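Student: sequence and predicted structure, then a few things I'm wondering about:
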Amino acid sequence: MAPGGGGGGGSGEAPLLVGDGKKAWHESCPGCRQARRMQASDRIPYKDFLYIWIASLCASMPIQSLFPYLYFMIRDLKVAKEEQDIGFYAGFVGAAYFLGRTISAVPWGMFADKYGRKPCIVISILSVIVFNTLFGLSTTYWMAIVTRGLLGLLCGILGPIKAYASEVCRKEHQALGISLVTSSRAIALVIGPAIGGFLEQPATKYPNLFSEESIFGRFPYFLPCFVISILAAGACIACIWLPETLHMHHEDKVEAIDELEAQVGDSNTQGGKSKGSRGESTKNLLKNWQLMSAVILYCIFSLHDTAYLEIFSLWAVSSRKFRGLSLTSQDVGTVLAFSGFGVLVYQLAIYPFLAKYFGPIKPFRPAAILSMLLLATYPFMANLQGTELKILINIASLLKNMFAATITIACNILQNTAVTQEQRGVANGISVTLMSMFKSAAPAAAGILFSWAQKHISGLFLPGDQILFLMLNMVSVIGLVLTFKPFFSLPNATRRS
């Protein structure tokens, strides 16, 4: 009822009409503008995908950048009384981030559904810049735990950016969009540790560049955190060009979303038939078994992957008297960097063809089985040395990350095809909350198990290191079993693809 002055962009602006006078597009709505761009062109949105990839990469790099040097950081903080106890304390530092993310994931999803995906992404990257830097300046064990916890609490990008990647493109490009988000995280979880491995303790490794009296000498784990924060600042600038995909209007919201779903191909629109309240919609999501079965699978394999990375990083640098590999942090960084490059090639050049010809679920089970067989060989690598060890550990790490990426992409696609667009923020928030609960338990449990294994290296019926990797494989067995009926429910759209 506002007067019709020229150019007023208020919420009462009349929508544009499509077809038989059906109200579908609102000129002032960023979500409608993005949907019209998608309708007008069937090309892959490379520029938008690039910005998404950069933002997801930089927000994910701090998650596991600490693992190559965490063993040495805990040692230098002098909280472990024995060498075998270092893994115990390291597990809780690794868990702090995921505990913070568990608490905030659903609120961040609701924030993204109400105020937009873009503000959520920007705030998350700003939190990386601040709290990752402070973690590098930690002088006590508790400061390290608190800064990691606050980073997880305020970095709410994980769920919304998955929804964003499926909304910024047409249906035929969704697999690539979500694959890019997943690959950016996989690469970040490799580049981050590589940065950590090469740049920690720079005054010791590079005395010609860094003196013991400089800030990098007094804070030996600050440089890798500082480098990641600088990269995150660049990603924050790149976010300026991200388009908003959330529909910001209220009139005819259901009709607009129905029209959009027709364009991007979401088949499960049962939650969009009425204007039920947001709280009722969230309750309906918990009753959506197609969504929840995919979320539970995602949680179980996320638990496995996080525990694996914690155990691998500790096992690789631990002494051979505890059946470790006695690698340096630089060696670990090199292994993870090599596998990260391989994952990038795999997800960009190989996985799209697998998804096209076999669908997302068929490669899922073979990847889980091959991952278990590969992991069973890890304890025997402690018998190798020199070049032979380095070649085999690089190949094994590459294959393990490829299998993990295949499973993660499949879970993400299954989750996002099980709900409508207006539910994706909250749905991914639920997914991230549950996944973060599992991930927050994984480093602590892995650290405790690793410490126990080093104290029981002779074992009762198996050596401690073999029991360690056997327990990891048992998690994968549970996940594999849950991919079969009656537990698993495949979305109709995915079943037809």
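Tutor: Thanks, I have the structure now.
Student: for residue 69, what are its contacts?
Tutor: 196, 197, 200, 201, 221, 224, 329 (C-beta atoms under 8 Å, 6 or more residues apart in numbering). C-betas here are computed from N, CA, C, even on glycine.
Student: switch to 6 Å and redo it
Tutor: 196, 200, 221, 329 (C-beta atoms under 6 Å, 6 or more residues apart in numbering).
Student: what's the closest non-adjacent residue to it?
Tutor: Nearest non-adjacent residue to residue 69, counting by C-beta to C-beta, 6 or more residues apart in numbering: residue 200, 3.9 Å away.
Student: list phi and psi for the one you found.
Tutor: phi -70, psi 150 (degrees, to the nearest 10).
Student: number of nearby residues for it?
Tutor: 27 (other C-beta atoms under 10 Å).
Student: show me the contacts for it.
Tutor: Neighbour list for residue 200: 69, 221, 224, 329 [criterion: C-beta under 6 Å, 6+ apart].
Student: kindly report the same for residue 458.
Tutor: Contacts of residue 458 (C-beta under 6 Å, 6+ apart): none.
Student: can you tell me the SS state at it?
Tutor: coil (DSSP: H, G, I helix; E, B strand; the rest coil).
Student: measure it to residue 322 for me?
Tutor: 11 Å (C-beta to C-beta, to the nearest Å).
Student: give me every residue that touches the most centrally placed residue in the chain.
Tutor: Centroid check for the chain by C-alpha atoms, centre = their mean gives residue 185 as the closest residue, at 5.2 Å. Shown in contact with residue 185 (C-beta under 6 Å, 6+ apart): residue 60.
Student: for the helix or strand hosting it, the averaged confidence score.
Tutor: Element membership of residue 185, judged by DSSP states H and E, is helix 174-199. Average pLDDT, helix 174-199: 81.
Student: can you name the next helix or strand after it?
Tutor: In the C-terminal direction, the helix or strand that comes right after helix 174-199 (DSSP H and E) is helix 202-205.
Student: can you name every helix or strand that that following helix contacts?
Tutor: helix 215-218 (3 or more C-beta pairs under 6 Å, 6 or more residues apart in numbering; DSSP states H and E).
Student: name the helices or strands packed onto the helix it packs on?
Tutor: Judged by 3+ C-beta pairs under 6 Å, 6+ apart, helix 215-218 is in contact with helix 202-205.
Student: distance between the helix it packs on and the chain's centre?
Tutor: Its chain's C-alpha centre lies 31 Å from the corresponding centre of helix 202-205 when counted by C-alpha atoms, centre = their mean, to the nearest Å.
Student: what does that helix rub up against?
Tutor: 210, 212, 216, 217, 223.
Student: filter those to the buried ones?
Tutor: Neighbour counting by 16 or more other C-beta atoms under 10 Å classes 210, 216, 217, 223 among these as buried.
Student: would a markdown table of those residues with pLDDT be doable?
Tutor: Output for those, formatted as a markdown table (pLDDT from 0 to 100):
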| residue | pLDDT |
| --- | --- |
| 210 | 91 |
| 216 | 93 |
| 217 | 91 |
| 223 | 95 |
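Student: those: which two are farthest apart?
Tutor: Taking C-beta to C-beta as the measure, the buried ones among the contacts of helix 202-205 span a maximum distance of 9.9 Å, between 217 and 223.
Student: quick one: stretch 414-429 to chain centroid distance?
Tutor: 16 Å.
Student: let me redo that: stretch 429-444
Tutor: Taking C-alpha atoms, centre = their mean, one finds the center of stretch 429-444 at 11 Å from the center of the full chain.
Student: tell me which element residue 111 falls in.
Tutor: Judged by DSSP H and E, residue 111 forms part of helix 86-115.
Student: could you list the buried residues of that helix?
Tutor: Judged by neighbour count (16+ other C-beta under 10 Å), helix 86-115 contains these buried residues: 86-102, 104-106, 108-113.
Student: hang on, the earlier thing: which among the buried ones among the contacts of helix 202-205 gets closest to residue 343?
Tutor: residue 223 (25.3 Å).
Student: right, and the closest one touches residue 201 too?
Tutor: No - Residue 223 is beyond contact range of residue 201, at 8.6 Å (criterion: C-beta atoms under 6 Å).
Student: longest helix anywhere in the protein?
Tutor: The helix that spans the most residues within the chain, counting by DSSP state H, is helix 421-455.
Student: tell me what that one is packed against?
Tutor: Partner elements for helix 421-455 (3+ C-beta pairs under 6 Å, 6+ apart): helix 86-115, helix 158-167, helix 289-317, helix 464-481.
Student: save those as a markdown table, and put in mean pLDDT and distance to residue 351 too.
Tutor: Formatted as a markdown table, the helices and strands packed on helix 421-455 follow (pLDDT from 0 to 100; distance: least, C-beta to C-beta, whole Å):
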| stretch | mean pLDDT | distance to residue 351 |
| --- | --- | --- |
| helix 86-115 | 87 | 26 |
| helix 158-167 | 80 | 15 |
| helix 289-317 | 89 | 16 |
| helix 464-481 | 91 | 19 |
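Student: out of those, which comes closest to residue 35?
Tutor: By C-beta to C-beta (comparing all of these), the closest turns out to be helix 158-167, at 8.6 Å.
Student: so residue 462, which state does it fall into?
Tutor: Once three-state DSSP is applied, residue 462 turns out coil.
Student: count the residues that sit near it.
Tutor: That count, for residue 462 with other C-beta under 10 Å as the rule, works out to 14.
Student: quick one, grab the pLDDT at it.
Tutor: In this prediction, residue 462 has a pLDDT value of 82.
Student: list phi and psi for it.
Tutor: Torsion angles, degrees, to the nearest 10, at residue 462: phi -140, psi 150.
Student: nearest residue to it other than its sequence neighbours?
Tutor: Residue 462 sits nearest to residue 470 (C-beta to C-beta, 6+ apart), 7.0 Å away.
Student: how many residues are close by that neighbour?
Tutor: Residue 470 has 14 neighbouring residues, counting by other C-beta under 10 Å.
Student: any buried residues in stretch 345-358, and which?
Tutor: Under 16+ other C-beta under 10 Å, the buried positions of stretch 345-358 are 346, 347, 351, 354, 355.
Student: please tabulate those in CSV, including the columns distance to residue 169.
Tutor: Formatted as CSV, the buried residues of stretch 345-358 follow (distance: C-beta to C-beta, whole Å):
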residue, distance to residue 169
346, 21
347, 16
351, 16
354, 19
355, 14
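Student: out of those residues, name the ones that lie in helices.
Tutor: Counting by DSSP H, these contribute 351, 354, 355 to helices.
Student: which stretches of the stretch 351-497 of the chain have low pLDDT?
Tutor: For the stretch 351-497 of the chain, the stretches flagged by pLDDT under 70 are 360, 421-422, 425, 459-460, 489-497.
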